[in-house]
Each structure stands twice: as structure tokens, then as C-alpha cells.
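Trainee: Turn this into a structure:
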Amino acid sequence: MSLVFNLTVYFMNSFSTLNVNFLIRKNRSNSKDEAPIYIRISIDAERVEISTGRFINPDDWDSRANKAIGKKKGNIQINKYLEAIKNNIYDHHTEMVKNGELLSARRLKSRFLGINENQKTLLQVFEYHNQQMKELLGSTYAVATVKRYDTTIEHVRNFLKYQYQVQDILLQHVKYSFISDFEHYFKVVRKCNHNTTIKYLKNLRKVINLAVKNEWLEKDPFLKFQAKIIEVKRDFITKEELQKLEDLKLSFPRLDVVRDIFVFACYSGLAYVDVSNLTKNNIRLGIDGNLWILTERTKTKSQSNIPLLPKAHDLIKKYSGHPNKKTEDHIFPKFSNQKMNAYLKEIADLASINKNLTFHIARHTFATTVTLANGVPIESISSMLGHKSIRTTQIYSKVVNEKVSSDMNILKKKLS
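Mentor: As a prediction, this is how the structure comes out:
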């Protein structure tokens with residue numbers, strides 16, 4: 001460091017003013033109505049705050065003196081602790097002046113917390129990751145995916161406050177215990193089921209992998225962590241139930257439209273968002289000279305090419321001139337997924353189908369009742385559904401086998 005630079009920094013530091021005060025945040029009180037105590041570091045016009053990790057009843061706090069009131073044993077200990085922190089900060093400030101370091105509130109805070117300014121924090125990396133996703137919105141990522149990671153970062157923030165009473169944490173402090181505690185937080189505090197918990201942990205794992213690949217983190221804390229999604233039973237409707245829906249006479253036009261769109265999805269395997277976005281441009285001649293649905297799945301951006309079955313084709317023709325479409329080129333009238341699912345419950349009651357009918361069941365029905373049960377090879381179904389791995393599609397073969405087993409057990413009883 002040159003002499004000129006040292007002298008410049010010395011004079012700059014000589015005219016800077018350091019103030020260290022304590023304050024409480026009543027709006028961040030814990031379950032006992034105790035407010036967290038923060039330390040505020042001010043150097044000239046810049047100021048930063050750090051959580052002390054201690055809480056106090058607001059009635060026991062003197063906001064003018066910036067300390068706990070009275071001679072209660074707990075309050076005396078708090079004041080001793082705060083005084084020790086204050087002295088520690090002044091010691092770091094003195095050391096920075098001695099070493100000719102540039103002074104700022106942020107730099108002093110980093111030094112006090114033992115943070116190397118080149119080190120990353122967990123939330124810094126998470127925000128960086130989410131910003132990259134937002135910049136690729138529409139080309140690489142769907143809106144729902146971006147929203148899911150925004151939700152995850154909020155859960156991380158809340159967990160840090162709940163578990164450690166901090167606003168952020170250094171990446172190097174994210175250990176196996178952090179992952180384990182995070183899992184416990186979701187299941188016990190947030191009351192999430194196992195699969196929901198694992199999905200959030202997978203989102204965190206993606207961010208940690210980004211940090212490892214960028215060499216911001218030396219060791220992956222997920223290396224020894226093992227947790228698998230528990231396979232849930234995929235609901236679908238049977239051939240008889242599908243026929244009931246098709247034959248159902250509906251007097252309300254809105255229910256008629258919803259039923260038709262659902263039946264179309266049963267014969268095409270498309271998810272709600274993909275049916276909603278379907279246009280005339282997606283219906284084209286395939287390699288066999290017949291009409292196909294050629295589309296890209298909104299969720300995964302994978303190609304989904306489906307030969308158009310006659311019943312699906314009839315429904316496309318039925319709505320060719322319908323007035324309530326998003327544009328003239330769209331295939332079906334526009335409905336929100338929420339309204340669609342609400343109307344499907346009405347339709348299930350009218351058709352005497354004792355199942356919680358949701359739009360996604362149509363996709364499962366295509367995979368099971370319409371294709372697998374009729375001998376379509378699983379490789380072809382995987383391609384039509386736009387699955388990136390055939391393992392995802394194999395779940396449906398298990399469902400069909402359960403149905404075969406159930407039917408055969410009924411037959412055995414009849415024969416015996």
C-alpha cells in the first residue's frame with residue numbers, strides 16, 4: 001500500500017464519525033411479545049443494523065439510554081452483553097484505523113461479523129439465482145416455476161429468523177444440520193406434508209449446487225442428505241366414468257363447456273395451461289398424413305406430439321366458432337383453472353362420480369384409461385405426455401396394474 005494512499009485514507013478516517021447505538025424492533029416481536037434488540041452502526045451518513053440475538057420486554061427497555069431498565073438479573077446481563085458487543089465494535093474500528101483500511105459502516109459490520117467481503121451469503125446467492133430465472137422467463141422457465149422459487153426464498157428468510165434470529169447466513173455456515181433443521185421446520189412449524197417439504201428442499205439444493213459450481217462454497221451440505229418423494233396414488237377416471245361424462249346432459253352452458261374441455265384433455269393428455277394456450281397452429285398434419293397436436297409443454301418446455309383422436313377432433317370442431325375465446329385462433333373458451341376445478345366438482349356430482357374431480361385427473365386418465373389400458377406402449381405414452389424421463393410415465397403402469405389386480409380379485413370371487 002503506497003504512502004500517498006495511506007495518508008489519504010488516514011485523513012478520510014480522521015474526519016469520519018462513528019456512532020454505536022442499540023434499539024428494539026417491536027414489529028418483529030417473538031411469540032412471548034419480546035422485541036429483538038439490534039445494534040446500529042453509523043459512520044457519517046451511512047448506517048447498518050445487526051441483530052444481537054437477544055430479546056427483551058419493551059416495557060423493560062429505555063429508548064433514550066439505549067439499554068435495559070432496572071436491576072433485574074436478566075436486564076443486568078443484557079446490558080453487560082450489549083456493552084461487550086459495543087466495545088468489540090470499537091476495537092474493530094480502532095484496528096481498521098491502525099491498518100489504514102477504508103472505513104464505512106458496511107465494512108465495519110462485515111469485520112465484526114467475521115465476513116470476508118468476497119464471501120457470499122445464502123440469500124445473496126438465492127436472489128442471484130432467482131434473478132437469472134426471471135431474465136429467462138418465457139424462454140427457459142415458466143411463470144409457475146419462477147413463482148415457486150420466489151416462495152422458497154421467502155420460506156428461507158422466515159426460517160432464518162425463526163431458527164437463528166438472523167436476517168441472513170454465510171454460505172460456509174450452511175451445513176448438514178441446517179438442511180435437517182429446515183426439513184423439520186417445514187414439517188413441524190409449517191405443517192407441510194413430506195412431498196411438499198422435499199420439493200422445497202430440492203429448490204434449495206439447486207441454489208446450493210449453483211454456489212458449489214461457482215466455487216462460492218467448498219462442500220455440498222446435501223451430500224449426506226437423503227430424502228425421496230413418496231409416490232402418491234394417481235387418481236384417474238375409468239372407462240365407464242368417462243362415458244358417463246360424455247353422455248351427461250347439461251343445461252348450463254358453462255358446465256357444458258368445462259365438461260367438454262375436460263373430456264378433450266382425457267383424449268389428448270394435455271395439462272390445463274397447455275389446453276388453455278392451444279391454437280389452430282398447434283393442429284397440423286403429422287408424418288402419417290393425419291392430424292396431430294404439436295405443442296411445447298409450458299411447464300417443462302419439452303415437446304409433446306399427440307395424434308389427434310376422433311373424440312378430441314370432434315370437440316375442436318364443436319368450438320371452432322365459439323365467441324368466448326381469447327382470440328379467434330384459440331381452440332377453446334377461456335376459463336381459469338380455479339373455476340374449472342370448481343365446476344368439475346359440480347359435474348362429478350351430476351354424473352354420480354364419487355371422486356374429487358380436478359383438471360389434472362384428465363391427464364392421468366389419458367395415460368391410464370385411454371392409452372395404457374388399451375395396449376399403447378409406455379414409450380409412446382411418455383413421448384405424448386412430454387415426459388423427460390420414462391420413469392415418470394412408469395408410475396401410470398403401476399396404477400393400471402393395481403386396477404388389473406382389483407378387477408381380477410372381483411373375478412376370482414365370482415368364479416369361486
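
Trainee: Asp168: which element?
Mentor: Counting by DSSP states H and E, there is no helix or strand that carries Asp168.

Trainee: For it, what are phi and psi?
Mentor: Main-chain torsions, Asp168, degrees, to the nearest 10: phi -160, psi 170.

Trainee: how close does Leu344 get to Thr368?
Mentor: From Leu344 across to Thr368, the span is 18 Å (C-beta to C-beta, to the nearest Å). Where C-beta positions appear, they are placed from N, C-alpha and C, glycine not excepted.

Trainee: for Ile169, that is, sorry about that
Mentor: Going from Ile169 to Thr368 by C-beta to C-beta gives 45 Å.

Trainee: By residue count, which strand of the chain is the longest?
Mentor: strand 46-56 (DSSP state E).

Trainee: What lies in contact with the helix or strand just after that strand?
Mentor: Sequence-wise, the next helix or strand downstream of strand 46-56 (DSSP H and E) is strand 61-62. Contacts to strand 61-62, defined as C-beta atoms under 8 Å, 6 or more residues apart in numbering, come from residues Ile24, Ala35, Ile37, Lys67, Ala68, Ile69.

Trainee: still on that earlier bit, residues making contact with the longest strand of the chain?
Mentor: Strand 46-56 has contacts (C-beta under 8 Å, 6+ apart) with 22-24, 29-30, 32, 34-41, 68, 75, 78, 81-82, 85, 104-106, 108-109, 112-113, 165-167.

Trainee: And stretch 234-254, by the same measure?
Mentor: Taking C-beta under 8 Å, 6+ apart as the rule, stretch 234-254 contacts 256, 259, 262-263, 266, 311, 343, 347, 350-353, 355-357, 361, 364-365, 367-370, 373, 395-396, 399, 403.

Trainee: One more: stretch 268-275?
Mentor: Applying C-beta under 8 Å, 6+ apart, the external contacts of stretch 268-275 come out as 142, 261, 264-265, 278, 293, 295, 297-299, 304, 306, 308-309, 312, 331-332, 337, 340, 359-360, 363, 366-367, 370-371, 381, 384-385.

Trainee: Among the contacts of stretch 234-254, which lie within helices?
Mentor: 256, 259, 262-263, 266, 311, 343, 347, 350, 361, 364-365, 395-396, 399, 403 (DSSP state H).

Trainee: From those residues, keep the buried residues only.
Mentor: With neighbours counted by 16 or more other C-beta atoms under 10 Å, these contain buried members at 256, 259, 262-263, 266, 343, 347, 350, 361, 364-365, 395-396, 399, 403.

Trainee: which residues touch the residue sitting nearest the centre point of the chain?
Mentor: Taking C-alpha atoms, centre = their mean, the centroid of the chain lies closest to Arg148, which sits 2.7 Å from it. Under the criterion of C-beta under 8 Å, 6+ apart, the neighbours of Arg148 are Asn203.

Trainee: Just to be sure, it is in a strand?
Mentor: No. Going by DSSP: H, G, I helix; E, B strand; the rest coil, the assignment for Arg148 is helix, not a strand.

Trainee: ok so, going back, which one of Ile169 and Thr368 has more residues nearby?
Mentor: Thr368 (25 against 17; other C-beta atoms under 10 Å).

Trainee: helix/strand/coil for the closest residue to the more buried one other than its chain neighbours?
Mentor: Of all residues not flanking Thr368 in the chain, Phe236 sits nearest, at 4.6 Å (C-beta to C-beta, 6 or more residues apart in numbering). Per three-state DSSP, the secondary structure class of Phe236 is coil.

Trainee: any idea how far Phe236 is from Ala367?
Mentor: For Phe236, the distance to Ala367 - C-beta to C-beta - is 7 Å.

Trainee: tell me the secondary structure for Lys414?
Mentor: Three-state call for Lys414 (three-state DSSP): helix.

Trainee: residue ranges with poor pLDDT in the stretch 201-350 of the chain?
Mentor: 231-233 (pLDDT under 70).

Trainee: What ranges does it have for its strands?
Mentor: Assigned by DSSP state E, counting those that start in this stretch, the strands in the stretch 201-350 of the chain fall at 283-285, 291-296, 303-307.

Trainee: so which of those is the most packed in?
Mentor: Mean neighbour count (mean count of other C-beta atoms under 10 Å) peaks for strand 291-296 among the strands of the stretch 201-350 of the chain, with a mean of 18.

Trainee: Residues touching that strand, excluding its own?
Mentor: With C-beta under 8 Å, 6+ apart, strand 291-296 has contacts from 268, 270, 274, 277-278, 282-286, 302-308, 312-313, 386.

Trainee: quick one: strands adjacent to that strand?
Mentor: strand 283-285 (antiparallel), strand 303-307 (antiparallel) (DSSP bridges).

Trainee: so how far is the shortest one from its chain's centroid?
Mentor: It refers to strand 283-285. Mean C-alpha position of strand 283-285 versus that of the full chain (C-alpha atoms, centre = their mean, to the nearest Å) differs by 35 Å.

Trainee: Please apply the same query to the last one.
Mentor: Taking C-alpha atoms, centre = their mean, one finds strand 303-307 lying 28 Å from the centre of the chain it belongs to.

Trainee: For that strand, C-alpha coordinates in CSV please.
Mentor: Output of strand 303-307 as CSV, limited to C-alpha atoms (Å, rounded to 0.1, in the frame of the first residue of the first chain):
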residue,chain,number,x,y,z
GLN,A,303,-42.1,-31.2,-27.0
SER,A,304,-45.4,-33.0,-26.8
ASN,A,305,-46.7,-34.6,-30.1
ILE,A,306,-50.0,-36.4,-29.9
PRO,A,307,-52.0,-38.0,-32.8
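
Trainee: what about His129, neighbour count?
Mentor: Residues near His129, counting by other C-beta under 10 Å, number 20.

Trainee: give the contact list for it.
Mentor: Counting by C-beta under 8 Å, 6+ apart, His129 has contacts Tyr149, Lys206, Val207, Leu210.

Trainee: which SSE is it in?
Mentor: Using DSSP H and E, His129 falls in helix 122-135.

Trainee: How about Ala362: what's its closest non-neighbour residue?
Mentor: Spatially, and ignoring its direct neighbours in sequence, Ala362 is nearest to Ala265 (3.4 Å; C-beta to C-beta, 6+ apart).
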